[in-house]
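Colleague: predicted model and sequence follow; I will ask about them next.
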Amino acid sequence: MKTITTERLQTLKSKNENFELINTLDAEHFEKTKIPDSINIPIAQGNFADRVLEATGTKQKLVVVYCASHDCDSSTKAAKLLDEAGFDVADYEGGAAAWKDAGQPLAV
């Protein structure tokens, strides 16, 4: 399973690459951990891969999943599910905390 660094995510965003950034937390936590341009698909609601496919329209588009921080494992679980379902997926393990620590804004 692939992971992605803060630097690589910054590059994808700055170059307007065609990818989907998905926060895997519930709606309440999404509002506190929203990286700009991310969407919220909570892993806890079930049918996660189906909901991601509905949002992306294809399994070939890069999907980057993230949650709150290194201590949060929902994005790792989500990445594993998507990888097993055949998606091009990368886990941003540092999550919103690493994004903020790098001086990047959260969309609050």
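Modeller: That came through fine.
Colleague: put the alpha carbons of the longest helix along the chain into CSV.
Modeller: When the chain is parsed with DSSP state H, its longest helix is helix 74-84. Extracted C-alpha coordinates of helix 74-84, given in CSV (Å, rounded to 0.1, in the frame of the first residue of the first chain):
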residue,chain,number,x,y,z
SER,A,74,-9.0,5.3,9.9
SER,A,75,-7.1,6.4,6.8
THR,A,76,-4.9,3.4,6.9
LYS,A,77,-7.9,1.1,7.1
ALA,A,78,-9.5,3.1,4.3
ALA,A,79,-6.4,2.8,2.1
LYS,A,80,-6.3,-1.0,2.7
LEU,A,81,-10.0,-1.3,1.7
LEU,A,82,-9.5,0.7,-1.4
ASP,A,83,-6.3,-1.0,-2.4
GLU,A,84,-8.1,-4.4,-2.1
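Colleague: buried ones in that helix, by neighbour count?
Modeller: Across helix 74-84, burial judged by 16 or more other CB atoms under 10 Å covers S74, S75, T76, K77, A78, A79, L81, L82, D83. C-beta here means a position set from N, CA and C on the backbone, and glycine is covered the same way.
Colleague: next one: stretch 99-108
Modeller: Buried residues in stretch 99-108, counted by 16+ other CB under 10 Å: W99, K100.
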